[in-house]
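Trainee: Structure for the following, please:
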Amino acid sequence: MEVKRRELLAGGLGLALAPQVARAMSGTAGMHGLIGRMRARPGQRDALTAIMLEGTQGMPGCLSYVVAKDPVDAEIIWITEVWDSKASHTASLQIPAVRAAIQRARPLIAAYESGQETIPVGGVGLRR
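Mentor: Okay, here's the model as predicted:
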């Protein structure tokens with residue numbers, strides 16, 4: 001049976017990339033994600049949204065930080081975050097601007113309704 005050069009190279013490339021693909025699919029590539037649902041006090045969603053967007057510039061390791069209004073419930077916001085590591089997220093909570101924003105937001109938050117850690121594996125806009 002004759003093995004063609006192209007098939008041999010493709011097989012070799014597949015074997016060479018297998019560990020990186022396996023790490024990315026298993027989540028050990030290092031990215032850390034969070035998705036949270038937060039309920040604002042009545043009439044405070046816009047103010048809470050504005051505060052949650054403050055201090056988000058210059059957060060080392062932050063690959064994506066999105067604050068979104070729920071299209072159905074007028075008091076709900078969703079926050080989706082992607083970090084290069086869990087350690088970067090933890091460190092961000094010590095940044096003075098982030099700490100100040102959290103302190104100002106607390107009185108406007110009625111409840112943290114749900115939160116979930118995720119293991120991002122890639123997507124549009126995410127660069128490693």
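
Trainee: For the protein, which segments are assigned as strands?
Mentor: Under the criterion DSSP state E, strands of the chain are mapped to 32-40, 62-69, 76-83, 109-118.

Trainee: any chance of these in CSV, plus distance to Gln103?
Mentor: Yep, even glycine has a C-beta here, placed from its N, CA and C like the rest. Formatted as CSV, the strands of the chain follow (distance: least, Cβ to Cβ, whole Å):
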stretch, distance to Gln103
strand 32-40, 15
strand 62-69, 17
strand 76-83, 17
strand 109-118, 11
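
Trainee: Switch those strands over to TSV; also include distance to Leu53, mean pLDDT and mean neighbour count.
Mentor: Shown next, in TSV, are those (distance: least, Cβ to Cβ, whole Å; pLDDT from 0 to 100; neighbours: other Cβ atoms under 10 Å):
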stretch	distance to Leu53	mean pLDDT	mean neighbour count
strand 32-40	13	97	19
strand 62-69	6	95	16
strand 76-83	10	97	19
strand 109-118	15	95	12
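
Trainee: closest one to Pro96 among those strands?
Mentor: Closest to Pro96 of these is strand 62-69 (Cβ to Cβ; 15.6 Å).

Trainee: Mind listing the strands that closest one pairs with, and their directions?
Mentor: Sheet pairing for strand 62-69, assigned by DSSP bridges, gives strand 76-83 (antiparallel).
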